[in-house]
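In: Turn this into a model:
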Amino acid sequence: MQNVDYIVYADYILPMEENLVIIEDGAIAVENNRILKVGHSQEISQQYVSKVVIDGKHKVVFPGLINTHTHAAMVYFRGIADDLPLKEWLEENIWPAENQWLSPEFVSDAVGLACLETLKGGVTTYNDMYFYEDAAAETAKKIGMRAVLGAGILDFPTKTATNADEYFENAESFIKDWKGDNLITPCIAPHALYTCGTESLKRARRVADIHDVLLHIHLSETKWETEETRRRYSMLPVEYLENLGFLNDRVLAAHCVWLTDYEIEILGRRKVGVSHCIESNLKLASGIAPVGEMLKAGIKVTFGTDGAASNNDLNVMSEMSTAAKLHKAVSEDPTILDAKTALLMATRWGAEVLGLGKITGSIEPGKAADLVMANLNKPHLVPIYNVYSHIVYSMRPSDVDMVMVDGKMVVNDGKLTTADESEILEKARYWSKKIRGL
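Out: Predicted structure coming up:
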């Protein structure tokens, strides 16, 4: 019998490996932050012993969900400017608020709230695009969250930089400081084609290549954006980036709503990852991304929540459910995005498009123990005929009992273990009063 750190039991385990099997009456052995073995409970119990055994009666375990596009610190702007089109929402409300309030302290406190909401909803990894990412990294790491943090690049001044050179200096410094960390993965994030000119986009590509990091960008989010790109460059947005040599398998493109068949073919050929932010796109009336066509083209489409200022939450379970149902309706095809595919998009594919496929995204020996245990003993989750369908169509964040990140239990019995929840919420109320001028 081999001693291990944890043995996790469950009525159902969804490893999300290549064959998408379901292990009933399963168990997982965890040692030194890694998954040592996954299999049937009898097999695991005959080989391993642990002082920490997690009971899984009426429970399901699946890989930590992955939010591939968000702006975590914007949780402090949740509800500040609703029911507006994107351009007006962004330029007349969000940018002025950021100019007034952004600081390392603001970002640090806000990321604490984002991590609390995110972890309690079964998300173990998020991909961010924002500012003061050093402060975000410190907070996320302290709480025990896995994060890919993109240092934002713009061509106009903000509180964080006065010109493009300064944005890039900040980004490269951040990348160098955090490269190789076990939880924090730095990347570079040119905001969009309408906020970054040709030279900034080319420079971002060079920085990503030099440091071997992800490129994270908004792409074809609105009809206005595509028309503006045509006006400036006489090309479609994806065509323009292809012409710059920007696109490859280390690019994560958020939104991708207004795509032509030609652009979908380019993204597929270049193996660009896509973050589908259905609820933000619906709320801002930006449109509906052609997810079915992208999937047919072999594109790995994943789920992002966008920031909580435009969603208004960080709930990947809700993104899965909304997307799976909406695309059925608009395509008039109930098979276009099934439950298994939706959970795959939220787990293994999410890890792969972020360059973390060897670390997380599935429950396999050698990978980090990024695990979610949810309680199936709820009125809305019984009886069970298909556990994939339950997770995608019926499960809620409040059903999450336990979350493990990198082999550390960060949520237990539905409560955060690594920080004081009441303190995080009190800080949010403090900032809300400041922003409202109270």
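In: check contacts around residue 39.
Out: 23, 26-27 (CB atoms under 8 Å, 6 or more residues apart in numbering). All C-beta atoms are positioned from the backbone trio N, CA, C, and that covers glycine.
In: Keep only those of the residues you listed that are in strands.
Out: Here DSSP state E is the test, and these give 23, 26-27 as lying in strands.
In: for this protein, where's the lowest mean pLDDT among helices and strands?
Out: The helix or strand of the chain with the poorest confidence is helix 86-89; it has a mean of 88 (mean pLDDT, DSSP states H and E).
In: Pull out the buried positions in that one.
Out: 86, 89 (16 or more other CB atoms under 10 Å).
In: Quick one: name whatever helix or strand follows that helix.
Out: helix 95-101 (DSSP states H and E).
In: Now tell me what touches that following helix from outside.
Out: Contacts for helix 95-101 (CB under 8 Å, 6+ apart): 76-77, 80-81, 131, 158-159, 431, 434-435.
In: Dump the ones in strands among the contacts of residue 39 to CSV, plus pLDDT.
Out: Below are these laid out as CSV (pLDDT from 0 to 100):
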residue, pLDDT
23, 98
26, 98
27, 98
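In: quick one: which of those is nearest residue 271?
Out: residue 23 (30.4 Å; CB to CB).
In: ok, and the closest non-adjacent residue to that closest one?
Out: Leaving out its chain neighbours, the residue that sits closest to residue 23 by CB to CB, 6 or more residues apart in numbering is residue 13, at 4.2 Å.
In: follow-up on the earlier one: what about burial for the contacts of helix 95-101, which qualify?
Out: 76-77, 80-81, 131, 431.
In: Pretty sure residue 55 sits against residue 9.
Out: Yes. Using CB atoms under 8 Å, residue 55 is in contact with residue 9, at 6.0 Å.
In: quick one: the strands in the stretch 251-400 of the chain?
Out: 251-255, 273-276, 301-303, 371-375, 400-405 (DSSP state E, counting those that start in this stretch).
In: Now do the buried residues in the first one.
Out: In terms of neighbour count (16+ other CB under 10 Å), strand 251-255 has its buried residues at 251-255.
In: For residue 240, state which of the contacts of helix 95-101 is nearest.
Out: For these, the closest approach to residue 240 (CB to CB) belongs to residue 158, at 24.2 Å.
In: For the closest one, which residues are in contact?
Out: Residue 158 neighbours (CB under 8 Å, 6+ apart): 95, 98-99, 102, 131.
In: where does it land on pLDDT?
Out: Residue 158 carries a pLDDT score of 92 in this model.
In: How about residue 245?
Out: Residue 245 carries a pLDDT score of 98 in this model.
In: Give me the neighbour count for residue 330.
Out: When neighbours are counted by other CB atoms under 10 Å, residue 330 registers 12.
In: can you tell me the average pLDDT over stretch 325-333?
Out: Here the average pLDDT along stretch 325-333 is 97.
In: Mind listing what's buried along that stretch?
Out: 326-328, 331.
In: Skipping its backbone neighbours, what lies nearest residue 250 in space?
Out: residue 214 (5.5 Å).
In: Double-check the one you found against residue 205; I have them as touching.
Out: No. Using CB under 8 Å as the test, residue 214 is too far from residue 205 to be in contact (11.7 Å).
In: Domain map for the chain?
Out: 2-62+370-416, 65-353 (automatic domain parsing).
In: With distance to residue 362 as extra columns, can I get the ones you listed in CSV?
Out: Below are these laid out as CSV (distance: least, CB to CB, whole Å):
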stretch, distance to residue 362
domain 2-62+370-416, 4
domain 65-353, 5
